[in-house]
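Visitor: Here you go, sequence then predicted model.
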Amino acid sequence: MKTLHLHLVSDASGETVSSLARACLVQFEGINVIHHLWWLVRTKGQIERVAEGVRSNPGVVLYTLVDPELRRPLEVACAETPGVTGIPVLDPIMRALGGHLEVRASEKPGRQHTLDDNYYDRIDAMHFAIDHDDGQSLGTIHQADVILTGVSRTSKTPTCMYLANRGIRAANVPLVPGVPAPEELKKATKSLIVGLTRDSRSLADIRRNRLRVMNEHRDTSYADPDHVREEILAARRLCQQNGWKVIDVTRRSIEEVAATILQMLPARDGGGE
């Protein structure tokens, strides 16, 4: 198995370069990756320690440093150290944007984490998602941008939290067998309502594991395959009757489900991270 020393260098929280690294590394199998994380690098002393770390453990260096004075020592270390490849991951995008807009970038570190209106929108959306989780606060559910509904264990809560982190006010309402869907849900006509569903066999397996974790050994229909299948069919009928979108989450990650929902929303002003 090959070993890779991967240095991730950022003048901020490292979220951007970490996400890029993860997106690329999943395409390579059989690699032992040793991560070297260098966050909030903003002084000459810090960059010198990074350069020394790169020399001690040669490998690939991904960095998102925008200050030329900080970048230069790292670029020199990468160029002079055998077995090191340095990649300024934001440069191609910054150059393309600058050329298109005919505007020079500000070169100020950490600006994506500035406490601006978008930041406070995300915090507000987080509070909203928590307050409206699992059918709570139905009286104000009509204020949601997105309402997720579906039977138990279809990833409604984590998807809402992911959307909230993008500034989307998301709520979720569970569909319980034998219990009519809340009227507040049907009246929330200005919200995008999406039903989440899952393959019945997969859902039954997830529920069995859930019961096992909870040490629940009583005979219950909660994880019975036939009962689960009926639940899913009833939920689909409800969504069809009300004209709600449906997303099958069986083979999709939370990120993929959220991305699909974001595409369904009307165009929004502003930007994410």
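Guide: Yep, it's here. Numbering: from 1, shown residues only.
Visitor: farthest residue from the center of this structure?
Guide: Largest separation from the mean C-alpha position in the chain: E80, at 37.1 Å (Cα atoms, centre = their mean).
Visitor: what's the helix or strand harbouring E256 packed up against?
Guide: Using DSSP states H and E, E256 sits in helix 254-264. The helices and strands touching helix 254-264, judged by 3 or more Cβ pairs under 8 Å, 6 or more residues apart in numbering; DSSP states H and E, are helix 156-164, strand 192-197, strand 245-248. In this view, the C-beta of every residue, glycine as well, is placed from N, C-alpha and C.
Visitor: pLDDT score assigned to the residue farthest from the centre of the chain?
Guide: On pLDDT, E80 comes in at 96.
Visitor: now do R153
Guide: R153 is given a pLDDT of 96.
Visitor: likewise E48?
Guide: 95.
Visitor: Is it in contact with P73, as I believe?
Guide: Yes: the criterion here is Cβ atoms under 8 Å, and E48 meets it with P73 at 6.4 Å.
Visitor: This structure: helices as residue ranges?
Guide: Assigned by DSSP state H, the helices in the chain fall at 15-25, 44-56, 68-80, 91-101, 117-131, 156-164, 183-187, 200-213, 225-242, 254-264.
Visitor: Just the CA trace of the shortest one, in CSV.
Guide: This file holds the C-alpha atoms of helix 183-187, laid out as CSV (Å, rounded to 0.1, in the frame of the first residue of the first chain):
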residue,chain,number,x,y,z
GLU,A,183,-53.2,20.2,8.6
GLU,A,184,-50.4,22.7,9.2
LEU,A,185,-48.3,20.7,6.8
LYS,A,186,-50.9,20.8,4.0
LYS,A,187,-51.5,24.5,4.5
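Visitor: Now do the closest residue to S202 other than its chain neighbours against V213, distance only.
Guide: Leaving aside its chain neighbours, S202 sits nearest to T250 (5.3 Å; criterion: Cβ to Cβ, 6 or more residues apart in numbering). Counting by Cβ to Cβ, to the nearest Å, the gap from T250 to V213 is 21 Å.
Visitor: ok, the two, which is more surrounded?
Guide: Using other Cβ atoms under 10 Å, the more surrounded residue of T250 and V213 is T250, with 13 against 8.
Visitor: gap between that one and Y162?
Guide: 18 Å.
Visitor: Count the residues that sit near D145.
Guide: Every residue meeting other Cβ under 10 Å relative to D145 is counted, giving 20.
Visitor: surely it meets S191?
Guide: Yes: between D145 and S191 there is a contact under Cβ under 8 Å: 6.5 Å.
Visitor: Can you check the pLDDT for R111?
Guide: Looking at R111, its pLDDT stands at 54.
Visitor: domain assignment for this structure?
Guide: 2-112, 117-264 (automatic domain parsing).
Visitor: Tell me which of these sits most buried.
Guide: Ranked by mean neighbour count, the domains of the chain are led by domain 117-264 with a mean of 17 (mean count of other Cβ atoms under 10 Å).
Visitor: Measure how far that one is from the centre of its chain, please.
Guide: Distance of domain 117-264 from the chain centroid (Cα atoms, centre = their mean, to the nearest Å) equals 17 Å.
Visitor: what comes into contact with stretch 39-55?
Guide: Applying Cβ atoms under 8 Å, 6 or more residues apart in numbering, the set of residues contacting stretch 39-55 from outside is 7, 9-14, 36, 38, 61, 65, 67, 69-70, 73-74, 76-78, 81, 84, 109.
Visitor: change it to 7 Å
Guide: The contact list for stretch 39-55 (Cβ atoms under 7 Å, 6 or more residues apart in numbering) reads 7, 9-14, 36, 38, 61, 65, 70, 73-74, 77-78, 81, 84, 109.
Visitor: before we move on, what about stretch 165-179?
Guide: 118, 121-122, 125, 128-129, 132-135, 141, 143-152, 156-157, 160, 163-164, 181-182, 185, 231, 235, 238, 262, 272.
Visitor: can you list the weak-confidence ranges in this protein?
Guide: 105-117, 219, 267-273 (pLDDT under 70).
Visitor: if we can go back for a sec, out of the helices and strands packed on helix 254-264, which comes closest to L90?
Guide: helix 156-164 (23.7 Å; Cβ to Cβ).
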